[in-house]
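**Student:** Requesting a structural model of the entry that follows:
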Amino acid sequence: MFTPSPDRLRVSLWAIVPAYLLLHGIVATCLPDWLDPLSTCFIVFAELAAIAASLRASRKEPYPIRAWWLLLACSMIFHATAMSLDAATEISHAAVFNYDPALQIFFSMLYGVPLLVAVSLQGDMRTRAMASAINVLLSCAVGIVLYLQIFTLLTVNGSKDPADALLIAQMFDGIDLFLAASASIRWLGSVQSREYGFFWILSIFLWINAISPGIHNRIMLHHDYIWLDLFISCPYVFLFVLILTAKEPSVRPRSPTLVRTVRSGSSLFLTLALTFVGIIAIRSHFYIGLAAVLLAIAGYGALNIFTQGRVLESEELLLASNEQLERLISVDALTGIANRYAFDRAMDRGMAAARRTKLPLSLMMIDVDLFKQINDLKGHLAGDEILTRIAAALRKALPRATDLVARHGGDEFSVILAATDSEGAMQLAGNLLKCVADLELRHPVTPSGTLTISIGLSTFDGSLAHSRIDLIGTADRALYLAKRHGGNCFEFLPIDSAKG
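**Tutor:** Numbering: from 1, shown residues only. The predicted structure follows:
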């Protein structure tokens, strides 16, 4: 709904801009003086059209897109109110001084408050309630300080001091430039197409609104030309057409650093605005201005604390999810012990630790004797039950929490023994043979009639000359020897034999 569409309707809609400005120029320059209020009415009509287009764009949009469009519409309502009051003043011929009546100036400046909220508002649903409350509080504070400052300088009928008109013009310029720059920064940091589209339109509108009224105000200080009203209506006519002739854009890839910086810093815009108006107000209302500055700091700090808390909460949930996922992908679904993935990671850690500490690392490769016959004669369910009971027995027989038993695949298991030499490994191998025999699991083929296992062992001494593949390969060859010797035994081979 945002990038201009190159069709005939788009061309015809863009023709509205020069046509409307031309008609406005004719009304402002060619009609009798008593019809001068019509020029101001043209400004109001342009603003009402832009308001209607913004409300139309907000329909069926999710948060925060809808909120941004509604805030833009609210901003223009404030400015349209100021222009309507100007028109009423011109029609009633009420006396004003320097064309700076306080009520009109207040509503004209108040238009910036919703826009400050818009450029500060984020789309994070987790911080929506807290951020909205703080933004409402700070925006109300900006409005109150502006009210006090304007009605201190001006009266309902304006001011007799020409310097006040210059000061008001400078304040307008500062607000307009700040809003345009803020919207442009948000546009640069947008990654979602609808957010990108909104701030693209808002940036164009606000830069036109900063330049065009700035020219109007500078000339108005010296000459009261009715045709200067064209500089006021121009941004709203452009905005109206921009909204109607736009569609959803394709967003170019943004720098992740830029996106994070803009998202984390955008909440600063409203704080800076309140700080700015607070500093200006200190000269005439010291305590109120000081309170505004302190409120800005407190509001920004509270929002940062809340946001940081949400970030930490998300990190903790993510870490917990990662740990749970790590456990799920590291556990064998059948036996409940470590799987091959966990074995590989444990081997990498164990080999690195052995090289670092020069303490031995022993590995056992374990195979269930004649397991295929169990599956063939009793079925796979019986075979699965036997594997589960063997895994539990092996895990229970390991003396230390640092020892790892894993299902290596099929009916094969592996045991990693940190800081264990060959003698300790062979002693433990005997214990594992006994613990499985003590299960007295019936086997229809073995000579003893009970199920047994075979074990192959090897030990790594931390030398750089050997790798994980060497250790696993040596233990596998030792297991093969144990199987050749009839099973129900263990064999040890030194890792040096891997190079033989």
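
**Student:** is it true that Gly456 lies in a strand?
**Tutor:** Yes - counting by DSSP: H, G, I helix; E, B strand; the rest coil, Gly456 falls inside a strand.

**Student:** burial of it, as a residue count?
**Tutor:** Applying other Cβ atoms under 10 Å, we find 25 residues neighbouring Gly456. Just so you know, the C-beta spots here come from the backbone N, C-alpha and C atoms, and that holds for glycine as well.

**Student:** For it, give its distance to Phe492.
**Tutor:** Here the criterion is Cβ to Cβ, to the nearest Å. By it, Gly456 lies 8 Å from Phe492.

**Student:** next one: Pro114
**Tutor:** Separation of Pro114 from Phe492 (Cβ to Cβ): 80 Å.

**Student:** Domain map for the protein?
**Tutor:** Domains of the chain are assigned by automatic domain parsing as 3-316, 340-499.

**Student:** Next, format those as CSV and append mean pLDDT.
**Tutor:** Output for those, formatted as CSV (pLDDT from 0 to 100):
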stretch, mean pLDDT
domain 3-316, 82
domain 340-499, 89
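
**Student:** Distance to Val331 for these - can I get that in CSV?
**Tutor:** Formatted as CSV, those follow (distance: least, Cβ to Cβ, whole Å):
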stretch, distance to Val331
domain 3-316, 23
domain 340-499, 7
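
**Student:** And these: which comes nearest Ser330?
**Tutor:** Among the domains of the chain, the nearest to Ser330 by Cβ to Cβ is domain 340-499 (3.8 Å).

**Student:** before we move on, which element is Leu317 in?
**Tutor:** In the assignment (DSSP states H and E), Leu317 maps to helix 286-330.

**Student:** What segments of this protein are strands?
**Tutor:** Counting by DSSP state E, the chain has strands at residues 3-4, 246-247, 361-368, 404-409, 412-418, 453-460, 490-492.

**Student:** Any chance of TSV for those, columns distance to Ile219?
**Tutor:** Shown next, in TSV, are those (distance: least, Cβ to Cβ, whole Å):
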stretch	distance to Ile219
strand 3-4	31
strand 246-247	32
strand 361-368	85
strand 404-409	83
strand 412-418	84
strand 453-460	87
strand 490-492	99
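
**Student:** Let me know which of those is the nearest to Val259.
**Tutor:** Taking Cβ to Cβ, strand 3-4 is the member of those nearest to Val259, at 19.9 Å.

**Student:** State the distance from the closest residue in space to Asn217 that isn't next to it in sequence to Ala87.
**Tutor:** In space, and not counting its chain neighbours, Asn217 is closest to Ala169: 4.1 Å by Cβ to Cβ, 6 or more residues apart in numbering. Distance check for Ala169 against Ala87: by Cβ to Cβ, it reads 21 Å.

**Student:** Check Arg194 too.
**Tutor:** Here the criterion is Cβ to Cβ. By it, Arg194 lies 35 Å from Ala87.

**Student:** Also Arg260?
**Tutor:** Taken as Cβ to Cβ, the span from Arg260 to Ala87 is 46 Å.

**Student:** now Val405
**Tutor:** From Val405 to Ala87 the distance is 87 Å (Cβ to Cβ).

**Student:** ok, now Tyr300?
**Tutor:** Using Cβ to Cβ, Tyr300 is found at 39 Å from Ala87.

**Student:** What of Gln170?
**Tutor:** As defined by Cβ to Cβ, Gln170 lies at a distance of 25 Å from Ala87.

**Student:** Also Thr245?
**Tutor:** Taking Cβ to Cβ, one finds Thr245 at 29 Å from Ala87.

**Student:** next one: Leu70
**Tutor:** For Leu70, the distance to Ala87 equals 25 Å [Cβ to Cβ].

**Student:** How about Ile232?
**Tutor:** Using Cβ to Cβ, we find Ile232 at a distance of 12 Å from Ala87.

**Student:** do the same with Leu35
**Tutor:** Counting by Cβ to Cβ - Leu35 and Ala87 are separated by 12 Å.
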